[in-house]
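Asker: sequence-free structure coming up:
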C-alpha cells in the first residue's frame, strides 16, 4: 500500500509543472507563460546589473581623476552606455517579475562557471588611488579585467539564453567590451 501511495505522489508531482531547466538544473518557480525567457536570461541580467553598476562607478572615478583626456572620454562613453543598458535590464527583470538582485551564494552559480559579478575591492583600490598617471594605468588595467568579465557573462547568455532582446544585448556587450579592451590596450601601450 505504501509503495502505491509513493507512486501516485511521484506521478502527481511529475505532472504539476515544476520542471528542471536545461541550463542549470534549477527549478523555475514560475515559468514564463509565453516561454520567451529562461533561467539563463534571468541569471545573466541579475549578474549583469551589479557588474554594470560597478563599471559605471569605475568610469565616474576616471572622469574625475584620469589625467589623460582620451581616458576621461572613454570613461564618459562607457558610463553613458552602461547606464542605458542597466535601465533596460532592470525593466526586463521587473516585467518578468524577477528580483533584480542575484543569489550571492557562490555555490548557486556553479552550474555556469561561477559568479562573474563585481568585486568591491576594485572600487576600493580605485577610490584609494589619487589622480595622476598611477590612477590612469590602474584604472585601465582594472577596467580591462572588468570588461573581460562582462564578455564572459554575455557569452554565457548568447550560448544558453532564450529571450531575443537579452541575447541581442549580450551580443552588443561582447562587441563593445571587446572594442573597449582593445582601445585600453593601446592606451596602456602609449
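Answerer: That came through fine. Bear in mind that the values here come from a model prediction, so they are computed numbers and not experimental data.

Asker: tell me the contacts of the residue sitting nearest the centre point of the chain?
Answerer: Nearest to the mean C-alpha position of the chain, by CA atoms, centre = their mean, lies residue 48 at 2.0 Å. Residues in contact with residue 48 (CB atoms under 8 Å, 6 or more residues apart in numbering) are 85, 89, 150, 153, 154, 173. Any C-beta I mention is one placed from the backbone N, CA and C, and that applies to glycine too.

Asker: ok, now how distant is it from residue 139?
Answerer: 21 Å (CB to CB, to the nearest Å).

Asker: swap in residue 158?
Answerer: 28 Å.

Asker: Touching stretch 124-133 from outside, list them.
Answerer: 58, 61, 64, 65, 66, 67, 135, 138, 139, 142.

Asker: what about the first one, how many neighbours?
Answerer: Using other CB atoms under 10 Å as the criterion, residue 58 is surrounded by 23 other residues.

Asker: Spit out the contact partners of it.
Answerer: Contacts of residue 58 (CB under 8 Å, 6+ apart): 75, 122, 123, 126, 139, 142, 143, 146.

Asker: what about 6 Å?
Answerer: Neighbour list for residue 58: residue 143 [criterion: CB atoms under 6 Å, 6 or more residues apart in numbering].

Asker: now do the third one
Answerer: The contact partners of residue 64, taken as CB under 6 Å, 6+ apart, number zero.

Asker: helix or strand for it, which one?
Answerer: Element membership of residue 64 [criterion: DSSP states H and E] is helix 39-65.

Asker: model confidence over that helix, on average?
Answerer: Per-residue pLDDT over helix 39-65 has a mean of 96.

Asker: and residue 162, what are its phi and psi?
Answerer: phi -120, psi -40 (degrees, to the nearest 10).

Asker: May I ask you to confirm that residue 98 belongs to a strand?
Answerer: No - membership of residue 98 in a strand is not supported by DSSP: H, G, I helix; E, B strand; the rest coil, which gives coil.
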